[in-house]
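Enquirer: this one's sequence-less:
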């Protein structure tokens, strides 16, 4: 069983346990406020959203990025209207838990979607780094270039961006990762958009859109790597 499977089982168990415990708690008096409802819904929805970011394809992530904010805004509008109506009818406490549910979900969702690709890369590396390392180390190293594999990517409609996982035994890319700026660096065939350090000797390298390692487009990424 992989680390990711264990994490999923633990999360699923926690959610199921929370629901079971909630079902055996005394019912909240009519018109009262329960903090459990916002908590359970926010946790469940946030975990589901996080799993879609980590496991989803680039197209799925793009669709979620467009749909989730729209749905949340629509729900926020309806709940705000309901809250105003409830306040007028002096039943605000009865609707407060649903309003807080939406607020909690929006806060967590905003944190996740602020930089979904960074979160996706971090979770994937945490769960499957040993597999990725084995794949990279099994690759033959071209003269002057670093060992690498295609690791991630996104785009569509002829506008594709590719990220490579790179093994750098001398950590020569560490300065590039610290600067977070584009450039042409040792061991890479052409100018790249971003270098990110995953751990010692391991980096993710984002190429410019429609550029690919070993191919010639606007940039000549088929040229020998700089030394």
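Expert: Arrived safely, thanks for sending. Computed from a predicted model, the values in this text were never measured in an experiment.
Enquirer: Show me how this protein divides into domains.
Expert: In terms of domains, the chain is parsed into 3-114, 138-206 (source: automatic domain parsing).
Enquirer: measure the last one end to end?
Expert: If I follow you right, that is domain 138-206. Using CA to CA, to the nearest Å, one end of domain 138-206 lies 21 Å from the other.
Enquirer: Where does pLDDT dip in the chain?
Expert: For the chain, the stretches flagged by pLDDT under 70 are 1-99, 101-102, 104-105, 108-109, 111-113, 223-227.
Enquirer: Which parts of this protein are helices?
Expert: With DSSP state H as the criterion, the chain has helices at 3-23, 36-55, 58-88, 92-113, 116-137, 174-179.
Enquirer: Quick one: neighbours of residue 115, just the number.
Expert: 11 (other CB atoms under 10 Å). Every C-beta, even on glycine, is put in place using the N, C-alpha and C of the backbone.
Enquirer: go on, the one 10 residues further on?
Expert: By the measure other CB under 10 Å, the count of residues near residue 125 is 17.
Enquirer: From here on, call the first residue 41.
Expert: All right, first residue 41 from here; so that's residue 165.
Enquirer: dump the residue contacts of it.
Expert: Shown in contact with residue 165 (CB atoms under 8 Å, 6 or more residues apart in numbering): 172, 238-239.
Enquirer: next one: residue 225
Expert: Residues near residue 225 by CB under 8 Å, 6+ apart: 212-213, 216, 232, 235, 266.
Enquirer: Next one: residue 260 from residue 231, what distance?
Expert: As judged by CB to CB, to the nearest Å, residue 260 and residue 231 stand 10 Å apart.
Enquirer: More neighbours: which of the two?
Expert: It is residue 231, of residue 260 and residue 231, that has more neighbours when counted by other CB under 10 Å, with 16 against 12.
Enquirer: What separation is there between the more buried one and residue 170?
Expert: Using CB to CB, residue 231 is found at 31 Å from residue 170.
Enquirer: Could you do residue 162 as well?
Expert: Distance, residue 162 to residue 170, using CB to CB: 15 Å.
Enquirer: what does residue 238 give?
Expert: With CB to CB as the criterion, residue 238 and residue 170 are 13 Å apart.
Enquirer: With residue 181 instead?
Expert: Here the distance between residue 181 and residue 170 works out to 20 Å (CB to CB).
Enquirer: who has more neighbours, these two?
Expert: Using other CB under 10 Å, the more surrounded residue of residue 181 and residue 170 is residue 181, with 14 against 9.
Enquirer: How about the contacts made by that one?
Expert: Contact analysis of residue 181 by CB under 8 Å, 6+ apart lists residue 187.
Enquirer: for the residue nearest to residue 256 when sequence neighbours are not counted, what are its contacts?
Expert: Excluding its sequence neighbours, the residue lying closest to residue 256 (CB to CB, 6 or more residues apart in numbering) is residue 262, at 4.6 Å. If a contact means CB under 8 Å, 6+ apart, then residue 262 has 229, 254-256 as its contacts.
Enquirer: same question, residue 220
Expert: Residues near residue 220 by CB under 8 Å, 6+ apart: residue 234.
Enquirer: Likewise for residue 205?
Expert: Going by CB under 8 Å, 6+ apart, residue 205 touches 172, 176, 188-191, 238, 242-245.
Enquirer: how about 6 Å then?
Expert: Contact analysis of residue 205 by CB atoms under 6 Å, 6 or more residues apart in numbering lists 172, 176, 189, 191, 244.
Enquirer: Only the buried subset of these, as a PyMOL command please.
Expert: In PyMOL, this line selects whichever of the contacts of residue 205 come out buried by 16 or more other CB atoms under 10 Å:
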select buried, resi 172+176+191+244
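Enquirer: Fine, thanks again, bye for now.
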